[in-house]
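1. below is the structure, and that's it, no one-letter string:
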């Protein structure tokens, strides 16, 4: 390491450690992000850069600002820095430097815009309160910074740079807005890094136009489903995020099974609600929110990115299996609701009220198999390996539905409603203790674990069958 690089890292560490004592606000985050982004220009060795980043992150996590909610945001900023530097392989500089510059711009510009706007329209996609003017500031600032810095980071035609800049602005706006408990800095940095890597890779391969078309399609479809009341506002934002990354990574191979799951399951839920006269008491109804969207599609999105960026073996069959698991669970619930026999607990066989998590019926199991087969059939043209892989994917989805019922019966939280004394699955208050199961294990957590289970089972089965 050169003397200039050593002096630079030392000054950065001292400045960052001193600044963290005063609080991890937007200005501090911008300063640290820009300083770390400039490190490759001084030929700083990656191990030294990572060590410096870890030291800064440790300071952020330990100190933070002594304001409600700020400590958590400081820790997540620390996590974001460490994850970003560890995941950077030392290759494409744009994938390292540009996301940090975007985080710096978004932090400062959003804070300034919200101070200058006295009357702010507020929205809440998940837990965190966001303003419309702040969201616009994030989108516009990140698009402008991307457009300005791309010529120094990669050789791409001007029109392609404009397309990438607009797409990155949309991605950053969505990822920062769909945050909870101060995770905006983490979601923005991760989303920007993945988006830049995907889009620059597509541009260098001469396939940027289809990628931008898929992004526009994902955002437009999310808006349409919101208008049709298939999704809440937060659910539409989550669907846009999942669609943008999955469609850009996999194209039709990702879009068709995801749309098959979502459209068929939403139609079935709406029909079931209409036949029953009202949504089931245990759930949130047929209009999906952001947590439900991530629980059902988050694993598929991650596997699509792993398939393209990491070339993970059998990632695509596992992707389809996770969606087959989500469909199997939804179809089991909606079709099983029409059973004339009461559901029974998976363990012990005791009868339970219709709609209770962990309860199963024969008709519900048939519905689960139908849902898994429907998604698998839609993805069949893109699955390599013949009937063997199709069977593995469908059975993985079915087994994941059974695993979902097992979690619902054993670990899903249950609470007592103080007003009625009834046992419910939605917490009546933030401090209400769980009388059974794990307090954090709600239905969305169960669904996420079930889709992950289906993907893992499929991966293992494909690897074993190959051997």
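-> Yes, it's here. Values in this document were obtained by computation on a predicted structure and should not be read as measured data. Residues are numbered from 1 along each chain as shown.
2. what about the strands in the stretch 101-250 of the chain?
-> Assigned by DSSP state E, counting those that start in this stretch, the strands in the stretch 101-250 of the chain fall at 122-123, 130-131.
3. can you tell me which of those is nearest to residue 110?
-> strand 130-131 (8.5 Å; C-beta to C-beta). C-beta coordinates here come from the backbone N, C-alpha and C atoms, glycine included.
4. parallel or antiparallel, list what pairs with the closest one.
-> Applying DSSP bridges, strand 130-131 is found paired with strand 122-123 (antiparallel).
5. what is the neighbour count of the nearest residue to residue 132 once chain neighbours are set aside?
-> Of all residues not flanking residue 132 in the chain, residue 121 sits nearest, at 4.2 Å (C-beta to C-beta, 6 or more residues apart in numbering). Residue 121 has 10 neighbours, counted by other C-beta atoms under 10 Å.
6. ok so, going back, could you dump the strands of the stretch 101-250 of the chain to a markdown table with mean pLDDT and distance to residue 215?
-> Shown next, in a markdown table, are the strands of the stretch 101-250 of the chain (pLDDT from 0 to 100; distance: least, C-beta to C-beta, whole Å):
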| stretch | mean pLDDT | distance to residue 215 |
| --- | --- | --- |
| strand 122-123 | 82 | 22 |
| strand 130-131 | 85 | 21 |
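7. which of those sits most buried?
-> strand 130-131 (a mean of 20; mean count of other C-beta atoms under 10 Å).
8. contacts only, for the residue nearest to residue 132.
-> 131-133 (C-beta atoms under 8 Å, 6 or more residues apart in numbering).
9. what of residue 231?
-> Counting by C-beta under 8 Å, 6+ apart, residue 231 makes contact with 222, 225, 238-239, 287-289, 293.
10. if you set the cut-off to 7 Å instead, what comes out?
-> 225, 239, 287-288 (C-beta atoms under 7 Å, 6 or more residues apart in numbering).
11. by mean pLDDT, flag the weakest helix or strand of this protein.
-> Taking mean pLDDT, DSSP states H and E as the measure, the chain has helix 3-22 as its least confident helix or strand, at a mean of 62.
12. any idea which helix or strand comes after that helix?
-> helix 26-37 (DSSP states H and E).
13. give me the neighbour count for the closest residue to residue 313 other than its chain neighbours.
-> The shortest distance from residue 313 to any non-neighbouring residue, by C-beta to C-beta, 6+ apart, is to residue 463 (7.2 Å). When neighbours are counted by other C-beta under 10 Å, residue 463 registers 11.
14. again, but for residue 203
-> Residue 203 has 22 neighbouring residues, counting by other C-beta under 10 Å.
15. isn't it right up against residue 156?
-> Yes. In this structure, residue 203 is within contact of residue 156 by C-beta atoms under 7 Å, at 5.0 Å.
16. residue contacts, residue 382?
-> Residue 382 sits next to 253, 316 when contact means C-beta under 7 Å, 6+ apart.
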